[in-house]
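Asker: Below: sequence and its predicted model.
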Amino acid sequence: MPELPEVEYTARQLRSSVVGATIREARVFWERTIGRPQLPDFLAEITEQRIEGIRRRGKFLLLDLSRDLFLSIHRRMTGNFLLLPPGWEIDIRLSETDPVAWKTKGPNFHPPVSAGASYNLETGHCRVCFVLADGRYLLFTDPRKFGRIELWPRTQEDVIFADLGPEPLSHTFTVERFTEALVRHRTGIKQALLDQQVVAGIGNIYADEALYYACIHPAHRADSLTSSEIHLLHEGIVAVLTLGIEHGGTSFNDYRDLWGQAGQNYNHVRVYHQEGKPCKRCNTLIERMVIAQRSTHFCPHCQAAPAIVE
DNA sequence: ATTTAGACCTGTCAGC
DNA sequence: TGCTGACAGGTCTAAA
């Protein structure tokens, strides 16, 4: 669910709120969320760890901890972080329907980042609760249980991310490198963009948006794009991801920020989930097709099908 | 060697 | 009201 902009936005919020805090303990309500190490070791090693820094790599959120460890979190489809201020009662109860339903109650709280916004009191699915030494709770909520949290020694970082492509918003994402990656792809360009080895952090929403930006049909073969098409697509990737971050991410369903608020980028999306609506450029109706088992949205006029699709 | 179903999971919504 | 099927920001694995 969260793609690069959503993870980046959460990382920035965490950076301004939990760096320097100490994790007193972790409570795990769905064991499979912890990918590594084994649960007893995870619980033992996480205790009294200081959060020294927050980083992001592709769609991975990284929490640098003391004692040369770091947490690697992948939220997959529905994972979210929610930070509860001190003084709140957290009621993680065992119900018949869902053993990890939680509810919160507390004073009206105004988060420090978006001034004026009030806290969102939705009930979620808490899979892991990090109890901070200052009394706050950092919750990992994840209805579909696909998200994974792993604890690694920092020395392993290069190994873990060896296969990840360049960061699209850094100088490592050059047109040259992008071109080389695409030439090796004999699939459609949409599929290539979803391949994290080509570029790190793009998912279904921003792949569609970037292709629309560059007026390229999603089924166009990746290895047959012209140089000017690749330049425009490169520009489009940077543009749509940057805008996504500025708008606090895209929430059409589950994504929420650290304070439980929805991202505003859904109001700025051009094609994603817009089938049947007129294209902002030419008024042609946006269409939907399935590519690589993923919903794909495009303007049939602006993004004309290439002469050779297969 | 690729491509594609299936798995992992729960929730929501449209249609009957 | 209740059931059924389609679908949802992702990625891995096994079968074709």
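Answerer: Arrived safely.
Asker: Neighbours of the closest residue to DNA strand C within the stretch 101-250 of chain A, how many?
Answerer: Nearest residue of the stretch 101-250 of chain A to DNA strand C (C-beta to the nearest atom of the strand) works out as A:Gly203 at 2.1 Å. C-beta: built from backbone N, CA, C; applies to glycine. A total of 21 residues lie near A:Gly203 under the criterion other C-beta atoms under 10 Å.
Asker: List the contacts of it.
Answerer: By C-beta atoms under 8 Å, 6 or more residues apart in numbering, A:Gly203 lies in contact with A:Met1, A:Pro2, A:Glu3, A:Leu4, A:Lys59, A:Leu194.
Asker: Spell out which parts of the stretch 1-150 of chain A neighbour DNA strand C.
Answerer: Within the stretch 1-150 of chain A, the positions lying close to DNA strand C (C-beta under 7 Å from any atom of the strand) are A:Met1, A:Pro2, A:Glu3, A:Glu6, A:Gly58, A:Lys59, A:His74, A:Arg76, A:Met77, A:Arg144, A:Phe146.
Asker: change it to 6 Å
Answerer: By C-beta under 6 Å from any atom of the strand, the residues of the stretch 1-150 of chain A that approach DNA strand C are A:Met1, A:Pro2, A:Glu3, A:Glu6, A:Lys59, A:Arg76, A:Met77, A:Phe146.
Asker: The fourth one: what's it in contact with?
Answerer: When the contact criterion is C-beta under 8 Å, 6+ apart, the partners of A:Glu6 are A:Arg75, A:Gly244, A:Gly249, A:Thr250, A:Tyr255, A:Gly263.
Asker: The stretch 201-310 of chain A: strands as residue ranges?
Answerer: A:287-291, A:294-298 (DSSP state E, counting those that start in this stretch).
Asker: So which of these is the most surrounded?
Answerer: strand A:294-298 (a mean of 21; mean count of other C-beta atoms under 10 Å).
Asker: Parallel or antiparallel, which strands does that one pair with?
Answerer: strand A:287-291 (antiparallel) (DSSP bridges).
Asker: now for the contacts of A:Glu6, which pair is the farthest apart?
Answerer: Pairwise distances across the contacts of A:Glu6 (C-beta to C-beta) peak at 15.2 Å, for the pair A:Arg75 and A:Gly244.
Asker: how about the strands of the stretch 201-310 of chain A in TSV, adding mean pLDDT?
Answerer: Output for the strands of the stretch 201-310 of chain A, formatted as TSV (pLDDT from 0 to 100):
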stretch	mean pLDDT
strand A:287-291	94
strand A:294-298	96
